[in-house]
Structure formats: C-alpha cells, structure tokens
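A.B. asks: okay, structure incoming, though there's no sequence with it:
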Ligand SMILES: C[C@H]1O[C@@H](n2cnc3c(N)ncnc32)[C@H](O)[C@@H]1O
Ligand SMILES: [Zn+2]
C-alpha cells in the first residue's frame with residue numbers, strides 16, 4: 001500500500017476508477033493521460049477506453065466533481081482566529097488591515113500552501129483568490145497541484161498615487177501569471193469593492209480585464225452600509241455603479257451579494273455576472289441579510305459558492321459551506337424548499353466552474369478530470385437513501401478520501417504529500433507575522 005501511495009503522486013498517466021457511485025449508479029471513470037474524462041460507463045466499458053496506468057478501486061466511494069471555491073483570500077489562513085466576533089468595518093480597519101500591512105511574500109506562500117492543503121483535504125480543486133504577493137500564491141498553488149485564479153487586491157482609496165501603484169501591481173501580476181503558461185493558474189483583476197476603489201480605478205480595472213481577456217473578482221453589496229453609502233456618494237446602488245464602470249461582465253465574480261434588490265439581480269442576469277454566495281462569512285460578520293438566492297435564480301443569474309478568507313469563516317471546507325448555504329437560505333427567506341441538496345452541490349461545482357471558466361464542472365466525457373472520491377464507509381454516508389442529501393447535509397470535508405485535479409492525484413487515501421512541513425512552515429510564518437506587527441506598535 002505504501003509503495004502505491006508514494007508512487008501515485010508522481011505518475012503522469014491514464015487512470016481508471018472502477019465501480020464508483022455517480023448519481024446513484026455504479027460506473028467506471030476513465031481518465032486520459034492529458035487529464036480529461038474520456039469514458040464513463042455503467043457496464044465496465046470504460047475499461048476499454050484507455051489502458052490505464054493506474055487503476056483505483058472506487059467501490060467504497062462516491063465520486064463528485066471537484067468543488068470550486070469562488071471567493072477566498074487563501075493566505076488569510078495565517079490570520080485564522082486572529083480577530084473574531086467584530087463588525088465588518090471595525091474588523092477590517094482595526095485588526096485585519098493593520099496586520100496585513102506587515103505581510104511578506106513568504107507569508108503569502110506559506111498561507112496559500114496551508115490553504116491548498118486544507119482545500120484538497122475537503123475536496124476543493126479550484127479557487128478564486130484575491131490578495132497580495134499573488135505571484136507567491138500562484139507558486140504555492142502550482143506546487144500543490146490544484147487550480148487557482150489570482151487577483152491582486154486593488155485598493156486605491158480614491159488616491160491618484162495609490163491608483164498608479166495598484167495599476168502597476170496588477171499589470172505585473174497578470175504578465176507574470178500569463179508568462180508561467182500553466183493551464184491550472186489564471187490571472188484576474190481584483191478591485192476590492194466600491195467603498196475602497198474609485199470609479200476611475202474601477203473603470204481602469206474593467207478596461208484592463210477586457211484587454212487582457214481575463215476575469216474580474218470583487219466584493220459587492222456585502223453590507224447595508226455599503227449600499228447606503230454608495231447611493232449617497234454616487235446616486236446609485238453598487239451594481240449600477242459597477243455596470244457604469246464596465247465591471248459587470250460574464251467574467252465577473254461578485255462576492256457576497258447580500259444586499260442585492262430584485263433589479264440588481266436582473267442586472268446581474270442581463271450582464272451574465274456571477275454571484276458568489278459566502279454564507280458562513282456573512283453570518284459570522286452579521287451582515288444583516290442573506291444573498292437573495294431566489295431572486296437571482298428567478299432572474300436567471302449564475303450563483304456559485306465560496307468560503308471567503310479564514311479570518312471570517314474560519315475554514316475552507318466547501319462541503320460545510322454547502323450545508324450552511326442551504327440552511328441559511330431556507331431560514332432567511334422562510335422557505336423550506338429553497339436551495340435543496342442537489343442545487344447546493346450544483347452551485348459548489350457546476351456554478352463555480354462556469355464562473356471561473358474551467359469546463360462544465362460535471363463528471364461527463366470531455367470534462368477536466370477534477371474528481372473527488374467521498375468515503376462510503378463513514379457514518380455520514382450511511383445509509384445512502386439519497387446521495388445528494390448525504391453530501392449536502394451530513395458530510396463535511398473529513399469524508400473526502402481521494403482527490404484528482406486534471407487527472408493527477410493530489411490526495412490519495414487521505415495522504416497529501418508534504419503535509420507536516422506545510423503545517424510547520426505556516427505556523428511559523430503566522431507567529432512571526434504577529435510578532436512583527438506587535439513590535440511595530
Ligand atoms: C483583499 C482584501 O480583502 C479583505 N477582506 C477579507 N475578507 C473580507 C470581507 N468579508 N469583506 C471585505 N474585505 C475583505 C482582505 O483582508 C484583504 O485586505
Ligand atoms: Zn472577501
């Protein structure tokens with residue numbers, strides 16, 4: 001067993017997963033050397049599709065598409081538990097931003113390694129990241145073998161000089177990521193929010209994203225104060241302001257979206273913008289309202305799921321997030337039928353893949369082989385009356401057994417290569433960061 005585990009992370013060959021449960025049926029999944037699903041067959045027919053170099057017995061597993069975390073600040077794992085139980089504006093301005101002022105590239109590297117470890121362990125194979133020193137975040141993600149979209153957190157506070165610096169930082173990051181030529185790593189533009197970026201800054205971000213053919217990642221209508229202040233300052237709500245600046249596009253992922261009204265939801269649908277639901281963060285920061293999922297759905301807008309950073313969640317477990325999303329929606333809008341189990345899984349997989357442009361986010365022929373095997377020998381998967389229900393309501397990340405990204409194993413039988421060194425490196429970086437900040441006080 002040991003030998004297989006050591007090997008399995010290095011082999012770049014075709015894979016066959018036999019007898020695994022997908023949508024209630026026992027199937028074989030064949031994966032090409034290039035990392036694409038090339039066969040899914042109920043009658044063992046996939047066995048013939050490739051002569052697999054690695055054959056994995058899936059008979060004790062349920063397979064689902066890799067989970068897609070569409071809003072996070074990955075390296076904020078280092079800030080996990082540093083500041084809790086505070087309102088958003090105080091939390092950001094009094095605790096988070098002062099500590100982030102002392103961040104280094106190495107901190108972001110270790111924080112992102114830890115984030116990737118945690119994401120892999122809980123079945124996430126792709127994430128949408130907005131933070132600082134993002135070249136180091138991309139380096140960490142590449143080493144861990146999953147997919148990332150990286151945006152420099154663009155904050156100009158309406159100051160010309162700051163704007164120029166953020167433009168440079170964005171351009172440098174985008175050309176760096178593109179230069180890597182790694183299909184798992186993509187760049188995006190990351191205007192932080194309407195309350196931290198001027199309309200000039202937002203317009204530049206929109207124009208640059210269009211020119212570079214990349215996405216936009218932004219926080220939108222997280223609190224009521226954000227909406228009220230925006231209306232007072234600009235005479236329009238955040239989505240309308242963003243639209244005027246060109247920031248609402250089919251490549252835009254908008255985090256939170258708690259305080260959207262029905263017209264905002266229709267505008268999202270018309271522009272093809274994606275709304276990322278971050279329910280744990282919203283409840284913890286008590287932003288006062290849940291995303292109006294029903295209005296977005298009625299309007300036809302794409303909804304996806306995200307955890308936000310580990311200072312406001314405080315983990316990156318997308319299986320947990322699915323349950324929190326489904327429960328928050330039902331409770332907030334007093335509707336038991338809202339966001340049922342299958343839809344909760346859908347926003348965490350297909351909805352996210354659509355938002356980040358990484359294939360269909362389904363287990364189908366032609367899709368990238370981003371596959372999560374969930375252990376069937378757990379309390380949370382026993383009995384299996386309805387697999388979607390077990391996954392959305394009973395399981396958390398600890399039920400994840402094996403994970404593939406682009407046809408490569410990133411976890412096998414709960415082993416992730418290098419785990420101990422990552423935990424040590426990240427703990428040391430976090431302690432040193434806090435010490436530097438305290439010394440500077
Ligand atoms: C990219 C920037 O976004 C900040 N950040 C982290 N969480 C949130 C949130 N819920 N709302 C707004 N900003 C946030 C990070 O702390 C960083 O400063
Ligand atoms: Zn955020």
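C.D. replies: Sure thing, it's come through. Quick caveat, the model's predicted, so the values are computed rather than measured. Ligands and ions are numbered 1, 2, ... in the order given.
A.B. asks: next secondary structure after the lowest-mean-pLDDT helix or strand in the chain?
C.D. replies: Every helix and strand in the chain was compared by mean pLDDT, DSSP states H and E; the lowest is helix 46-49, with a mean of 56. Proceeding N to C from helix 46-49, the next assigned helix or strand is strand 54-57, under DSSP states H and E.
A.B. asks: pLDDT of the helix or strand that that following strand is followed by, averaged?
C.D. replies: Using DSSP H and E, the helix or strand that follows strand 54-57 in sequence is strand 61-65. Strand 61-65 comes out with an average pLDDT of 98.
A.B. asks: from what I can see residue 295 touches residue 265, true?
C.D. replies: Yes: between residue 295 and residue 265 there is a contact under C-beta atoms under 8 Å: 4.2 Å. Where C-beta positions appear, they are placed from N, C-alpha and C, glycine not excepted.
A.B. asks: and the two? Which one has more around it.
C.D. replies: residue 265 (25 against 19; other C-beta atoms under 10 Å).
A.B. asks: does the more buried one touch residue 300 like I think?
C.D. replies: No: counting by C-beta under 8 Å, no contact exists between residue 265 and residue 300, whose distance comes to 9.1 Å.
A.B. asks: show me which residues of the stretch 251-400 of the chain sit near ligand 1.
C.D. replies: Contacts of the stretch 251-400 of the chain with ligand 1, taken as C-beta under 6 Å from any ligand atom, map to 281, 308, 309, 312.
A.B. asks: switch the cut-off to 5 Å
C.D. replies: Taking C-beta under 5 Å from any ligand atom as the measure of proximity, the stretch 251-400 of the chain contacts ligand 1 at residue 309.
A.B. asks: which residues in the stretch 251-400 of the chain form helices?
C.D. replies: Under the criterion DSSP state H, counting those that start in this stretch, helices of the stretch 251-400 of the chain are mapped to 262-271, 279-284, 293-299, 318-332, 341-348, 350-356, 387-389.
A.B. asks: save the ones you listed as a markdown table, and put in mean pLDDT too.
C.D. replies: Listed next are the helices of the stretch 251-400 of the chain as a markdown table, based on pLDDT from 0 to 100:
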| stretch | mean pLDDT |
| --- | --- |
| helix 262-271 | 98 |
| helix 279-284 | 98 |
| helix 293-299 | 98 |
| helix 318-332 | 98 |
| helix 341-348 | 98 |
| helix 350-356 | 98 |
| helix 387-389 | 98 |
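A.B. asks: closest to residue 429 out of these?
C.D. replies: helix 279-284 (22.8 Å; C-beta to C-beta).
A.B. asks: pLDDT below threshold where in the stretch 1-150 of the chain?
C.D. replies: By pLDDT under 70, the low-scoring segments of the stretch 1-150 of the chain are 1-6, 43-50.
A.B. asks: please redo it, this time with the cut-off set to 80
C.D. replies: For the stretch 1-150 of the chain, the stretches with pLDDT under 80 are 1-6, 43-51.
A.B. asks: any idea what the closest residue to ligand 1 within the stretch 101-250 of the chain is bridged to?
C.D. replies: Nearest to ligand 1, among the residues of the stretch 101-250 of the chain, is residue 153, at 3.1 Å (C-beta to the nearest ligand atom). On the basis of DSSP bridges, residue 153 takes part in beta bridges with residue 190.
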